[in-house]
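Q: this is a predicted model, with the sequence first.
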Number of protein chains: 6
Amino acid sequence: MNPQSYIQTLTSAVEQLSEASSYTGLCHNHRQGQPLPSAEQLTRIVNLARAILFPGYFGNSTVNAQTVTYHIGVNVEQLYHLLVNQIQAGLAFDLSEDSGDAETLCEQARLLGAQFIARLPEMRRTLATDVEAAYNGDPAATNYGEVICCYPAIRAISNYRIAHELLTLGVPLIPRIITEMAHSETGIDIHPGASIGHHFTIDHGTGVVIGETCIIGNNVKLYQGVTLGAKSFPLDEDGNPIKGIPRHPILEDDVIVYSNATILGRITIGRGATVGGNIWVTEDVPAGERIVQRRG
Amino acid sequence: MNPQSYIQTLTSAVEQLSEASSYTGLCHNHRQGQPLPSAEQLTRIVNLARAILFPGYFGNSTVNAQTVTYHIGVNVEQLYHLLVNQIQAGLAFDLSEDSGDAETLCEQARLLGAQFIARLPEMRRTLATDVEAAYNGDPAATNYGEVICCYPAIRAISNYRIAHELLTLGVPLIPRIITEMAHSETGIDIHPGASIGHHFTIDHGTGVVIGETCIIGNNVKLYQGVTLGAKSFPLDEDGNPIKGIPRHPILEDDVIVYSNATILGRITIGRGATVGGNIWVTEDVPAGERIVQRRG
Amino acid sequence: MNPQSYIQTLTSAVEQLSEASSYTGLCHNHRQGQPLPSAEQLTRIVNLARAILFPGYFGNSTVNAQTVTYHIGVNVEQLYHLLVNQIQAGLAFDLSEDSGDAETLCEQARLLGAQFIARLPEMRRTLATDVEAAYNGDPAATNYGEVICCYPAIRAISNYRIAHELLTLGVPLIPRIITEMAHSETGIDIHPGASIGHHFTIDHGTGVVIGETCIIGNNVKLYQGVTLGAKSFPLDEDGNPIKGIPRHPILEDDVIVYSNATILGRITIGRGATVGGNIWVTEDVPAGERIVQRRG
Amino acid sequence: MNPQSYIQTLTSAVEQLSEASSYTGLCHNHRQGQPLPSAEQLTRIVNLARAILFPGYFGNSTVNAQTVTYHIGVNVEQLYHLLVNQIQAGLAFDLSEDSGDAETLCEQARLLGAQFIARLPEMRRTLATDVEAAYNGDPAATNYGEVICCYPAIRAISNYRIAHELLTLGVPLIPRIITEMAHSETGIDIHPGASIGHHFTIDHGTGVVIGETCIIGNNVKLYQGVTLGAKSFPLDEDGNPIKGIPRHPILEDDVIVYSNATILGRITIGRGATVGGNIWVTEDVPAGERIVQRRG
Amino acid sequence: MNPQSYIQTLTSAVEQLSEASSYTGLCHNHRQGQPLPSAEQLTRIVNLARAILFPGYFGNSTVNAQTVTYHIGVNVEQLYHLLVNQIQAGLAFDLSEDSGDAETLCEQARLLGAQFIARLPEMRRTLATDVEAAYNGDPAATNYGEVICCYPAIRAISNYRIAHELLTLGVPLIPRIITEMAHSETGIDIHPGASIGHHFTIDHGTGVVIGETCIIGNNVKLYQGVTLGAKSFPLDEDGNPIKGIPRHPILEDDVIVYSNATILGRITIGRGATVGGNIWVTEDVPAGERIVQRRG
Amino acid sequence: MNPQSYIQTLTSAVEQLSEASSYTGLCHNHRQGQPLPSAEQLTRIVNLARAILFPGYFGNSTVNAQTVTYHIGVNVEQLYHLLVNQIQAGLAFDLSEDSGDAETLCEQARLLGAQFIARLPEMRRTLATDVEAAYNGDPAATNYGEVICCYPAIRAISNYRIAHELLTLGVPLIPRIITEMAHSETGIDIHPGASIGHHFTIDHGTGVVIGETCIIGNNVKLYQGVTLGAKSFPLDEDGNPIKGIPRHPILEDDVIVYSNATILGRITIGRGATVGGNIWVTEDVPAGERIVQRRG
C-alpha cells in the first residue's frame, strides 16, 4: 500500500463521516457564541467548592484564622465565574439557534450562579454531619482529617450535594456530569435528583447506585455495592419509558443497608430497619426489622 | 543517621535493584528505536475517536454543517498518526531485538491503522444503536445529548468497540490497554475479545465483567455488577490454564441481566430470557425464561 | 439583579464561610513551614516506585542492561526526595503548632524515607510472585508484560504493598491516601493495615474490599466484588466504635473467593477452602471445604 | 521573630496594598462579564495565524494537498473564536461599567473578527514577498524553509502585519500587545501604527525600533539596531505630549539602512538612498544618496 | 554501526562526563535538603508581585473594590511562601555541607521574606511614578493601562525594583536571576546593584545596559541601546578584576540619554543634561549641557 | 451581520487559503512518516545538554559524587533519543517524497547523534574556559555559579557550541534553530557556521551579531551591540547573493571589541587589538592597535 492509497483511505473515511445523515442524533448542534460543557472546568468547579467547604484540605494553600477570608474570598469569586459559564453552557445545550437571546441566557446563568453561592454555608453545615457520620461509623478512621482527605464517600456525597442544589435551581445537564465525575472517581453513582438527609454515609462505596427518585432520610448508612434502583417502569404508547415517575425506594431515618444488597421499586424501608448483604428486596420492610440472606 | 549514610542506603538499594537477576521477567526488553505503548497517547487516541464518532460532544470545538468536514478531517488525520505509532509499539512489544526489521513493522502499522480508519463509519452506525438503547432503557435520561456526554456505558462500549476492531485486525496489547482505561474510568470491564451485537446497553455499570470469549447478541441489557465469567478452566500438563478455550457465556438477543447477577461458564442464556439480580447461574437458561433469587 | 447585588451575595457568602465557628472540625490547621499532603506528589511517588520495580514498563524511558543502573539510580533518588517531603507532610498533619520542632520532623522523615528505600528490593521479590499468580490464574493473559501493563490487580497490589511498608514504618495518613488512589483507579479497596502474603491475585477486581485487620496467607485469589469486612464492632462508653480491634477475616493459604462473596467478622477461612460467588459468610469455613450459593 | 509576627507583617502589608488610594491609576477596573486581554490566548492566536499563513511550518501537523483544507479550516475557525474573545477584551478594556451593553460589544467583536479573517489571503500574499526579500538579501539563507522557520524578522513582521490589520479595523490595545510579544521574542519593536510596504526585511534585527507614524515603502531593508524614531514632540498646554502627530521618518522605496543607524523626526529618506551604520540622521536624505559615518 | 556500538559510545561519554575532574568548577555542590534556585518559581514570584502591585492587570482574575483584599491577601501569602523558599535556595547556594544548620537558614529566609513583603507598599508608590513617567514621555501611549500591560520598560523596572530590594536585604544570587529574566524578556539589562530614583523610564529599551554601581537620580529617561558601563577596572595582584569598586556613571536628576549612546566610567552627567544618540562619553557632562554626534 | 454570514466569510477565507497557488513556496512539503523539527523538543535538547555539561545547575535534580553518574547517564540517553529524532527531522526537511528511503535516514540520524554525544566531553572542556573568561572579565561576578546560572553569554555560547558541532557533522536546519533560540533568549545572534576559539566571552550581549563566516581566535571579548557582519556580497548572474563566500571579519587572539562597534567585511583585527565602542570599521586593524570614536 503506497502513501497515496493511505491518504485515499483517510479521505474517503472523512467524507463518509462528514455526511450529515451519518451523524444524525450523534452530533451536538451547538449554539453560536455559547460556552460548551467542559469536564475540565467542572473539575475545577468541584475542586474550588471542596476548597471552600473544607478550608485547608484541598488546594495548595495553607490557611489560618488571619488568612482564611482571603482564600475563601478568592475561591468563591472564581467558583462563581466558572459556574456561571458552565450553567450557561447547560442552559444553551438543547436550545435551537433561534430561541431566546444570548443576553438573557447569560443573565439567567449569573442569577443561578449567585443563588448557588448563597447556599454554600448551608451545604457546609450538612456536609459536616456527613463527615461526622463517616468518622463515627468506621473504626479504621483515625481522625476527621483522614475522612475528609481520603474517603471516597465524602467526595461522592460532596459532588451529589453540589449537583442536587444545581438541579433544584433548574440547571440542566451540568448536575449529571458532576455526579458522573464522582461516579468515575469513586464507583459511587448517585443521581442528582435523589433526596438525601443529613448524617449520610457510605462505607467503601464501590458499586453503590442511588436512583433518581430515591428519598433517603437522616442517619442512613450504606455499604459498598448497594443498589437503590427501579424494578420496572411503565411504558408510554410508543413503548418508551415514561419519564419522572417515582420508581425508586424510600429509606427512612436510621436505616442501614449492607454490602451488595439490592432494593428495587417504590417501596419503603422503615425507620431503623437493617437490610443484610447480598439480598434482593422488592417489598416494603417494616420499621426496625432486620432482613438477611440465608446461609449459602 | 548522617547524610553520608543516607546516600549509602540509596546507593545500595540502587545496586540491588539494578542486578539483572532481580528483575528477570519484570523488565521490558524494549526494542531499540521502536515507540513504547503510552497511556497518554492512547488517551488522546480514544478522545479523538470519540470526537469523530460524536461530533461536537467531545473536544473543545464547535461544529456545524459547514465546518464538520474540517474537524473530522483533522481529527481523522491525527488519529491515524497516533494510532500508527501505538500499533507499532504493540507490534514491537514482544519482539526480540533481532526479529524482523523496523521498516517492516512500521509499514505493517500504517496498513493496520488505515484499515482501522476505514471501519470508523460502520463503528459509528453501531454506536448509534447503543446510544438509542441507553436512552430508551432509562427513564432518567432526558435526551441523547445527556446519554452521549455523561453515561459511563457509552464510554465503556465505545472503548470496547474500538479495541475489538484493533484486536480483530491483529494488534497485540493495545486493545487490552484501551479497555482497561475504560475499566478504570467506569468500573466496567469488557475484554476486547468479547463479541457484542448492536443496541447493547449497560445501566450504571460499576462492577460489570464481560469475559474474553463471551458472545452477546443484539438488544441485550446488563445492570451494574453483572459478571459474565468463566467457571473453571482446564489446565495443561504443567498445571497452567490453557489459553483461548471458549469458557464464557453466550447471551442471545433480547436478554436482560439484573444487578450483581453472576453467570459463569460456556452456557447459553436463551433469547429473551431475564436473569434476576444477585444470583449465581452456571447452567443454561431457556429462551424467554425468567429466573430470580428467592427472598432473603 | 444588578451587578452590585451579585457582589453583595458573594461577599455575604464569603463572610459566613469565613466565620471560624462555621468550619470547626472541617478546616485543616496546617503547621507553618511544613509541606502539605499532595495527591499530585503521591501520584509521582507511585509512578516512580512502579518504574523502579518494573523497569521499562512505566515511565517514558527505554532501559537496557547497560543503562538500567542510570535509570534506577535517578528514579530512586527522586523517589527518596519526594517521599521524604510527603512523609514529613504526614507527620505534621495532626501536630499542633507548638509540638516538637521542624528540624526533628524533617530528620525523622529522612530516616523513614531511607528505611523505605532499603525495602524496595524485597518488595520487588514479592510483587514478582503476584505477577506470576495473575498470569497463571488467567487464561486470557498472553504474557507477563500484559499483566504488568494492564492488570488493575497489579496496580492495586503495588500501591497496597508500598502503603503497607509506610504504615509499618509508622507514617500517618500517607499510606491511606496511596491505597485510596488505587481504589479510585481500580475499584479495589485494600486498607494499608491488612497483612497479605505472596502470590496474591485479584481477578477483574472492581468492588473488592479488604479491611484493616485482615490477615491473608499465600497463594490466595479473589474475584471482583469480594468483601472481606467487619460484621459489627464494639462501641465505647460514648457510643463510638473502639479503634484497632481485630474484626476482619483471616484467609489461610490457597483460599479462593469467587465474585461478590461477602465474608464478615474475625472468622477463619481454612487453608485451601473455596468460597462461592454471591454468598454471605459470617462463620468459620474449615480447611479444604467448598461453600456455594444455592440456585436462585 | 515568631510565626505570629510574620502573619502580622503579611496582614499589615495586605491592608496597605488593598487601600483604594494606594492603587489609583494602577488598578484595572474590569467590566463585569467581559473577557480579559490574555497573553496566553494572544500567543495561541499568533501561532494559529502563522500556521494558516505558512501551512506545515508551524503547529504539529503534517499537511498535504489532500488535507490542507481540513487544517486551514479548523485553524481559521479556532482563530476566529479566540480573536473575537480578545477583540472583545480590547473593546471592553477602557469602558466604564455603565457604557454600552455587553451584547453590542460582543456583536462588534464578531464583526471585527470576521473582517480580520477576510483579510488573511491578502496578508499571506504580502508576507510571501517579505520571505522572498529575506531569502534574497541573505547569502547565509539556504532555502525559504529556513527563513520561515528561523528568521526573527519573519516572526516580527508577521506579528506586525497581524497587529496592523487589527489596529486599522479599530481594535484597541490588542495590536500593541501582539507587537510587544514579537519585540520580546526578537528584539524588534515595530509599532502597529506604522505603515510598511511589501518586500520588507530586517537582517538579524535585535534593537530595531520603528515608530508609530513611520511610513515605509516597498523593498526596504533594515539591519539590526536601526531606530526610526521621533526627534522631539510638541507638548500641550499642560506639558504633556500631544498624541497622534506625524513625528517619525518616511522611508521611500528601495532604501537600505545599516546597523545601529538612528533616523529621527518627520524626515524623508528618498527612494534608493542608503544610510550607513552607527550614524545619527535628523535631516532629509535625497533619493539615491549614500551617507556614512566617518572613520573613528 | 550496530545498536551495541551506539550503546558503547553513549556509555563511554557518560563515563568521561561523570569523572569528577572533568566538571571541577562546573558542578553545583548542592547542600542536602535545601531548595534549588528555580527559574519557574522565580517567574511565579515575579508574576505574583506584578499582580499585587498592579491589581487586575496581571493574573486571570477580575478585581473590584469589594474583592481586592481577597486577591491581594492570597497573592501576598503565596508570594511570601515562594519567596522564602527561593531566598533559602540563594542563601544555601554557596554554603559547604557543614556550615551553619538548616533550621537557621530557614529562619533567616523567613525573616528576609517578611521584610521584603513589608516593603511592597513603598515599591508600589515608586512604580506608580515610573508608570506616570512612561505615559507622559510617549505620545504613542494611549492610557496608563496600555503602559502597564505592554511596555517592556515597566516589566524591566519592576523586576529591577524587586531585585534591588532583595539585594539590599542581603539575598545572594536570586536578585541577579530576577533581573536577567527581565533582560531576556525585554533586552533591558539592569544590574540589581544599581541605584535608581523615582519617575524613571526607558523608551523601547532593547540593548540598554545599566551597570552594578550606577547611581541614577529622579526623572531620568533613557532610550534603547544606551549603555551605562565601566570604562576599565583595576586588577588585583593576580590580574583579576577587583570586585565592588564604583566604576559606572552617575546620572543626576532630569537627565535624558538618547538611543545607542554609551556612557562609561565613574563620571557624572549633571542635572538636566542631555546626551545625544550614538555617541561615546567618557568624561563628565556639566548640568544642563547637551552633547550630540556630529553629522555622519 | 447574521451568524450565517460569518460562517460564509470564514468558509470563503478557508477556500482561498487552501488553494495550492496561494501558498506556493510558503508551505512545507513534509515527507510522510518523518518527524518535524520541533521548537519544544529542541528546547528540551538544549536543557539536557546544559544539565550534562554543568551538572547540578540546570534541571531539578541534586547531584553529588555518588549520584552524578546516574544523572548524566539518564540525561545522555534522553539527549541521544531526542537528538536522533530532530536530526532526522532536519535531514528530511528538504527531501522530496521519493528520494532515499526512511530506514537510511533513520540510520544516518542515529550515527550523527552518537557522534555528537562523543564530542560532549571536549565541548565541556571548552565551555569551562568560557565560564572562566566571563568570571575574570566581570568585576560584578561573585562566583562561577552566578556566571553559569545567570549570564546570557554562557547560554548563547553553549547553544552556539552545540549548534556548531551539529553543523560540522552535516546536520541541516537544526543548528540554525538552536542558535536562533539563544538569539531570542539573549539577544545574541551567533551563526552556527562561525568558528570561535576558547576563552570566549560576551558582556551583557544584547544586539551582538556574529556572521556565518567569522573566524574568532582565543581570549576574545565582545561587548553588547557589537556586529561582526558582511559589508556587501557579490551577486550571481540572476542578481541573487552568492552563498558561502567568506565575507565576515577575522578576529585574532586577545581582541576586545567595545559596545555597539560594527566591524564589516572580510577584514582582520590583529592579535591584541582593541576596537572602541560605537564605531564602524571596514578595514584591517593591525595587531595591538587601539581605535576609538572621536568625542561627539
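A: Received the coordinates, thanks. Just so it is clear, the structure is predicted and the values come from calculations on it, not from any experiment.
Q: the residue in the stretch 151-296 of chain A that chain B sits nearest to: how many residues sit nearby?
A: Residue of the stretch 151-296 of chain A nearest chain B, by C-beta to the nearest C-beta: A:Ile279 (3.4 Å). Where you see a C-beta, it was placed from the backbone N, CA and C, and this is true even at glycine. A:Ile279 has 23 neighbouring residues, counting by other C-beta atoms under 10 Å in any protein chain shown.
Q: and it, backbone torsions?
A: Per-residue torsions, A:Ile279: phi -120, psi 170 (degrees, to the nearest 10).
Q: okay, it: pLDDT?
A: pLDDT, A:Ile279: 87.
Q: from C:Asn278, how far out is it?
A: 10 Å (C-beta to C-beta, to the nearest Å).
Q: give me the common contacts of the two.
A: Residues touching both A:Ile279 and C:Asn278 by C-beta atoms under 8 Å, 6 or more residues apart in numbering or on different chains: B:Asn278.
Q: would you mind putting the CA coordinates of stretch A:77-86 into CSV?
A: Output of stretch A:77-86 as CSV, limited to C-alpha atoms (Å, rounded to 0.1, in the frame of the first residue of the first chain):
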residue,chain,number,x,y,z
GLU,A,77,-15.2,34.5,43.2
GLN,A,78,-13.5,32.1,40.9
LEU,A,79,-16.2,29.5,41.6
TYR,A,80,-18.8,32.0,40.7
HIS,A,81,-17.3,32.9,37.4
LEU,A,82,-16.6,29.3,36.3
LEU,A,83,-20.0,28.2,37.4
VAL,A,84,-21.9,31.0,35.6
ASN,A,85,-20.0,29.9,32.4
GLN,A,86,-21.0,26.2,32.9
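Q: I'd like the average pLDDT over that stretch.
A: 94.
Q: with stretch A:184-193 instead?
A: 97.
Q: how far is that stretch from where the chain is centred?
A: From the chain centre to the centre of stretch A:184-193 is a distance of 5 Å (C-alpha atoms, centre = their mean, to the nearest Å).
Q: same question for stretch A:221-239.
A: 17 Å.
Q: just stretch A:267-279 next, same as before
A: On C-alpha atoms, centre = their mean, the centre of stretch A:267-279 falls 23 Å from the chain's centre.
Q: touching chain C at all, that stretch?
A: Yes - judged by C-beta under 8 Å from any C-beta of the partner chain, stretch A:267-279 and chain C are in contact via A:Gly276, A:Gly277, A:Asn278.
Q: tell me who's in contact with the nearest residue to A:Asp236 once chain neighbours are set aside.
A: Nearest-residue entry for A:Asp236: A:Ile242, 5.2 Å, with adjacent residues in sequence omitted and distances by C-beta to C-beta, 6 or more residues apart in numbering or on different chains. Neighbour list for A:Ile242: A:Phe233, A:Pro234, A:Leu235, A:Asp236, B:Pro139 [criterion: C-beta under 8 Å, 6+ apart].
Q: isn't the residue of the stretch 151-296 of chain A closest to chain B right up against A:Val257?
A: No - under the criterion of C-beta atoms under 8 Å, A:Ile279 lies out of contact with A:Val257, with a separation of 9.6 Å.
Q: before we move on, back to that, among the contacts of A:Ile242, which one has the lowest pLDDT?
A: Among these, A:Phe233 has the weakest pLDDT, 74.
Q: how close does it sit to chain D?
A: Separation of A:Phe233 from chain D (C-beta to the nearest C-beta, to the nearest Å) stands at 42 Å.
Q: just A:Cys150 next, same as before
A: Distance from A:Cys150 to chain D, by C-beta to the nearest C-beta: 28 Å.
Q: contacts only, for that residue.
A: C:Leu173, C:Arg176, C:Ile177, C:Glu180.
Q: which one of those residues is nearest to B:Val46?
A: C:Glu180 (25.1 Å; C-beta to C-beta).
Q: just to check, that closest one is in contact with A:Ile154?
A: No - the pair C:Glu180 and A:Ile154 does not pass the contact test of C-beta under 8 Å, sitting 10.9 Å apart.
Q: got the domain ranges for chain A?
A: Domain assignment of chain A by automatic domain parsing yields the ranges A:34-187, A:207-296.
Q: surely A:His198 touches A:Val220?
A: No - in this structure A:His198 lies outside contact range of A:Val220 using C-beta under 8 Å: 9.7 Å.
Q: hmm, stretch A:118-138 touching chain E?
A: No - using C-beta under 8 Å from any C-beta, stretch A:118-138 stays clear of chain E, coming no nearer than 15.2 Å.
Q: pull the CA atoms of that stretch into CSV?
A: Listed next in CSV are the C-alpha coordinates belonging to stretch A:118-138 (Å, rounded to 0.1, in the frame of the first residue of the first chain):
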residue,chain,number,x,y,z
ALA,A,118,-25.7,31.8,48.6
ARG,A,119,-26.5,28.1,49.6
LEU,A,120,-22.8,27.2,50.2
PRO,A,121,-23.0,27.9,54.0
GLU,A,122,-26.0,25.6,54.5
MET,A,123,-24.2,23.0,52.3
ARG,A,124,-21.2,23.1,54.6
ARG,A,125,-23.4,22.5,57.6
THR,A,126,-24.9,19.4,56.1
LEU,A,127,-21.6,18.1,54.9
ALA,A,128,-20.2,18.5,58.4
THR,A,129,-22.8,16.0,59.6
ASP,A,130,-21.8,13.5,56.8
VAL,A,131,-18.1,13.8,57.9
GLU,A,132,-19.2,13.1,61.5
ALA,A,133,-21.2,10.1,60.4
ALA,A,134,-18.3,8.6,58.4
TYR,A,135,-15.9,9.1,61.2
ASN,A,136,-18.3,7.6,63.8
GLY,A,137,-19.2,4.7,61.6
ASP,A,138,-15.7,3.5,60.8
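Q: in that stretch, which residues are buried?
A: Neighbour-count burial for stretch A:118-138 flags A:119-121, A:123-124, A:126-138 (criterion: 16 or more other C-beta atoms under 10 Å in any protein chain shown).
Q: show me the contacts for the spatially closest residue to A:Leu26 that is not a sequence neighbour.
A: Excluding its sequence neighbours, the residue lying closest to A:Leu26 (C-beta to C-beta, 6+ apart) is B:Phe54, at 5.0 Å. B:Phe54 makes contact with A:Tyr23, A:Leu26, A:Cys27, A:His28, B:Leu127, B:Ile148 under the criterion C-beta under 8 Å, 6+ apart.
Q: quick one, what contacts the closest residue to the third one other than its chain neighbours?
A: Looking back up the chat, that one is A:Cys27. Counting by C-beta to C-beta, 6+ apart, B:Pro55 is the residue found nearest to A:Cys27 once chain neighbours are left out, at 4.4 Å. Shown in contact with B:Pro55 (C-beta under 8 Å, 6+ apart): A:Tyr23, A:Leu26, A:Cys27, A:His28, B:Val63, B:Val68, B:His71, B:Ile72.
Q: likewise A:Val208?
A: A:Ala156, A:Gly187, A:Ile188, A:Asp189, A:Ile190, A:Ile202, A:Leu222, A:Gln224, A:Gly225, A:Val226, A:Thr227.
Q: at 6 Å what do you get?
A: For A:Val208, the contact set (C-beta atoms under 6 Å, 6 or more residues apart in numbering or on different chains) comprises A:Ile188, A:Ile202, A:Leu222, A:Val226.
Q: ok, back up a step: closest to E:Glu40 among the residues of stretch A:267-279 next to chain C?
A: Distances from E:Glu40 to the residues of stretch A:267-279 next to chain C, taken by C-beta to C-beta, are shortest for A:Gly277, at 51.5 Å.
Q: quick check: phi and psi at that closest one.
A: Backbone geometry at A:Gly277, expressed as degrees, to the nearest 10, gives phi -80, psi 160.
Q: give me the neighbour count for it.
A: Residue neighbour count, defined by other C-beta under 10 Å, stands at 28 for A:Gly277.
Q: quick check on the closest residue to it other than its chain neighbours: phi, psi?
A: In space, and not counting its chain neighbours, A:Gly277 is closest to A:Tyr258: 3.8 Å by C-beta to C-beta, 6+ apart. The phi and psi values for A:Tyr258, taken as degrees, to the nearest 10, are phi -80, psi 170.
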